[in-house]
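Colleague: Sequence and predicted model, in that order:
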Amino acid sequence: MRFAVVGAGGVGGYFGGRLACKANGVNHEVWFIVRPGSSQHDALRRNGLTVRSTLPHGDFVVRPCRVASSPSEVGPCDVILVCTKAKDLDNLELKPLLKVDTADATIVMPLLNGIDAPQQLA
C-alpha cells in the first residue's frame, strides 16, 4: 500500500512514523509531504524521522525517510493522512494523491482538530 502523510508535525510524524516502521519488509510506502525549503523538510531528508516518547519502548527512528514537497511528487496513494492544522485545509492540493480510473478509492483520513475537517476535505 502507498500512504501519504500531509504534515509531519507531532500527529503526522507519530502516525506516519508508526506506519513506516510497521511497513518495513511489507512492501508499503509511506511518504511525508512537508513544505519545501523548510527546516523540517531538510532535516527529514538528511536525518530521517526520530520520535521520542515517554512510553516504554515508544521511541523509534525512520531512516531513510521518503519526503516530498508536493503531492505531485508522490502520485496516487491508497491512504492519505491529513495532519495539518485545520486552518491550512483550504490551501491543500490533494488531487494528485487521489486514485482515479480505478475500482479502489483512496481513503482520506483527517487526523486534526476541528469538526468541519471532513466537510472541508470533501
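Modeller: On my side now, so go ahead. Numbering: from 1, shown residues only.
Colleague: And the helices in the protein?
Modeller: Applying DSSP state H to the chain gives helices spanning 10-23, 39-47, 117-121.
Colleague: TSV please, covering those and showing mean neighbour count, mean pLDDT and distance to Leu81.
Modeller: Where C-beta positions appear, they are placed from N, C-alpha and C, glycine not excepted. Formatted as TSV, these follow (neighbours: other CB atoms under 10 Å; pLDDT from 0 to 100; distance: least, CB to CB, whole Å):
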stretch	mean neighbour count	mean pLDDT	distance to Leu81
helix 10-23	18	87	6
helix 39-47	15	91	15
helix 117-121	13	71	12
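Colleague: Any chance of TSV for the ones you listed, columns distance to Val30?
Modeller: Output for the helices of the chain, formatted as TSV (distance: least, CB to CB, whole Å):
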stretch	distance to Val30
helix 10-23	4
helix 39-47	12
helix 117-121	20
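Colleague: Quick check: the gap between the closest residue to Val34 other than its chain neighbours and Val67.
Modeller: Nearest non-adjacent residue to Val34, counting by CB to CB, 6 or more residues apart in numbering: His41, 4.6 Å away. His41 sits at a distance of 6 Å from Val67 (criterion: CB to CB, to the nearest Å).
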